[in-house]
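Novice: Starting from these lines, generate the structure:
(one chain, ligands or ions: 2)
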Amino acid sequence: MPERREDNLSRTLRAPTIHRQALERLFSFAAQPALRRASRLNWELGIKEEVAVELIRLEDIHKTYHLGEVDVPVLKGITLDIARGELVALMGASGSGKTTLMNVLGCLDRPSSGGYWLDGQEVGSLSADERAMVRNHKIGFVFQSFNLLPRTSALEQVMMPLAYTAVQLSEQEWRKRSGALLQQVGLGDRLDHEPSQLSGGQQQRVAIARALVNNPPLVLADEPTGALDSRTSEEILRLFQQLNAEKGITVVLVTHDANVASHASRVIRIKDGLIEADGAGSVSALSSRR
Ligand SMILES: Nc1ncnc2c1ncn2[C@@H]1O[C@H](COP(=O)(O)OP(=O)(O)O)[C@@H](O)[C@H]1O
Ligand SMILES: [Mg+2]
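Specialist: Numbers count the residues shown, from 1 in each chain. Ligands and ions are numbered 1, 2, ... in the order given. Sure thing, here's the model as predicted:
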């Protein structure tokens, strides 16, 4: 069916790094270059690889809040796939359901009905404890208000999640991993600074390093630049682009700013709890991934 093929092709073009990621997860670093070539060749020859393309699959997701006697339907049937390696902007007017959808994606809240598969696992019906486990290992969160702890150094902020997930590692190793991440986000010389000693943009960088410390395949950012001036916003968006391009991290970011969305390779518009439009973002974002 030509239509189906078109669909697969456009999806692959949107996510050129998918094969690499799937393979990198399976094989050692040393084997990568050859595998990457083989993978590319397969792709060019049109040989289908048996790798699940999508990181996220939502099927007919509904979310209804109950306020006393009143039902408040917020998500009214969201169906979508997000492939590994995509950088997606989620847009929509205030009240359209963006945060509600992000809470479902982040396993912070359960859908009222519908299916949610993350990394091949059905997560929509997990218990609270099981969802916490999924969050710890698979999802990094970045918020508009940074959500850093007061009077705590940047290094300790980033190390914090490891206390739940990496008990087998020594504190020395926690420090090493966290310091390296802060270095990557451009704060190698700010490890000992507390939030009150950092600018807004620097605080958001700490929050991003913290979101990455467990090597999650998915980062969810709800209005990550909402509290930043335009120049700092630009820097933070470039950092997301870089993490997406270099580490292959799948990023979903909520914004109501079209300029922010232009940094994404795909823009999903939501209106009244339904997807209104779903399409490619700017070309520059796509080509900068290579
Ligand atoms: N916990 C809740 N209980 C009841 N209604 C809620 C709750 N959270 C959000 N809503 C309602 O759901 C709608 C969508 O909210 P939200 O997802 O936060 O939108 P957005 O992030 O797009 O601004 C709003 O009308 C809001 O009032
Ligand atoms: Mg919101």
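Novice: From now on I want contacts and neighbour counts done on CA atoms only, so please keep to that.
Specialist: OK.
Novice: which stretch of helix or strand covers the residue of the stretch 101-250 of the chain found nearest ligand 1?
Specialist: Proximity of the stretch 101-250 of the chain to ligand 1 (Cα to the nearest ligand atom) peaks at Leu101, 6.5 Å away. If you go by DSSP states H and E, Leu101 is part of helix 98-105.
Novice: what residues does the next helix or strand after that helix touch?
Specialist: Using DSSP H and E, the helix or strand that follows helix 98-105 towards the C-terminus is strand 113-118. With contact meaning Cα atoms under 8 Å, 6 or more residues apart in numbering, strand 113-118 is reached by 55-63, 77, 122-124.
Novice: Give the pairing partners of strand 113-118; include direction for each.
Specialist: With DSSP bridges as the test, strand 113-118 is paired with strand 54-67 (antiparallel), strand 121-122 (antiparallel).
Novice: Run the contact check for the first one versus ligand 1.
Specialist: Same thing as strand 54-67. Yes - using Cα under 6 Å from any ligand atom, we find that strand 54-67 touches ligand 1 at Tyr65.
Novice: now that strand: how far from the chain's centre is it?
Specialist: Strand 54-67 sits 17 Å away from the centroid of its parent chain (Cα atoms, centre = their mean, to the nearest Å).
Novice: Quick one: list the elements packing against the following helix or strand past it.
Specialist: Going down the chain from strand 54-67, the next helix or strand is strand 70-83, by DSSP H and E. The helices and strands touching strand 70-83, judged by 3 or more Cα pairs under 8 Å, 6 or more residues apart in numbering; DSSP states H and E, are strand 54-67, helix 98-105, strand 274-280.
Novice: go with 10 Å
Specialist: helix 2-14, strand 54-67, helix 98-105, strand 113-118, strand 250-254, strand 266-271, strand 274-280 (3 or more Cα pairs under 10 Å, 6 or more residues apart in numbering; DSSP states H and E).
Novice: what's the angle between that strand and strand 266-271?
Specialist: Strand 70-83 and strand 266-271 are oriented at 170 degrees to each other (axes from the mean of the first three to the mean of the last three Cα atoms, to 10 degrees).
Novice: So in that sheet, which strands flank strand 70-83, and in what orientation?
Specialist: strand 54-67 (antiparallel).
Novice: Please identify the buried residues of the partner strand?
Specialist: If you call a residue buried by 16 or more other Cα atoms under 10 Å, then strand 54-67 has these buried ones: 54-58, 60-64.
Novice: what secondary structure does Asn244 sit in?
Specialist: Put simply, Asn244 is helix when judged by DSSP: H, G, I helix; E, B strand; the rest coil.
Novice: Tell me how many other residues crowd it.
Specialist: Asn244: 21 surrounding residues under other Cα atoms under 10 Å.
Novice: Turn the helices and strands packed on strand 70-83 into TSV, including mean pLDDT and distance to Ala154.
Specialist: Below are the helices and strands packed on strand 70-83 laid out as TSV (pLDDT from 0 to 100; distance: least, Cα to Cα, whole Å):
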stretch	mean pLDDT	distance to Ala154
helix 2-14	42	35
strand 54-67	97	30
helix 98-105	97	26
strand 113-118	97	30
strand 250-254	97	23
strand 266-271	96	32
strand 274-280	93	36
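Novice: Most tightly packed of those?
Specialist: strand 250-254 (a mean of 26; mean count of other Cα atoms under 10 Å).
Novice: Go through the following helix or strand past it and flag the buried ones.
Specialist: Of the helices and strands lying after strand 250-254 in sequence (DSSP H and E), the nearest is helix 258-261. Buried residues in helix 258-261, counted by 16+ other Cα under 10 Å: 260-261.
Novice: Good, wrapping up.
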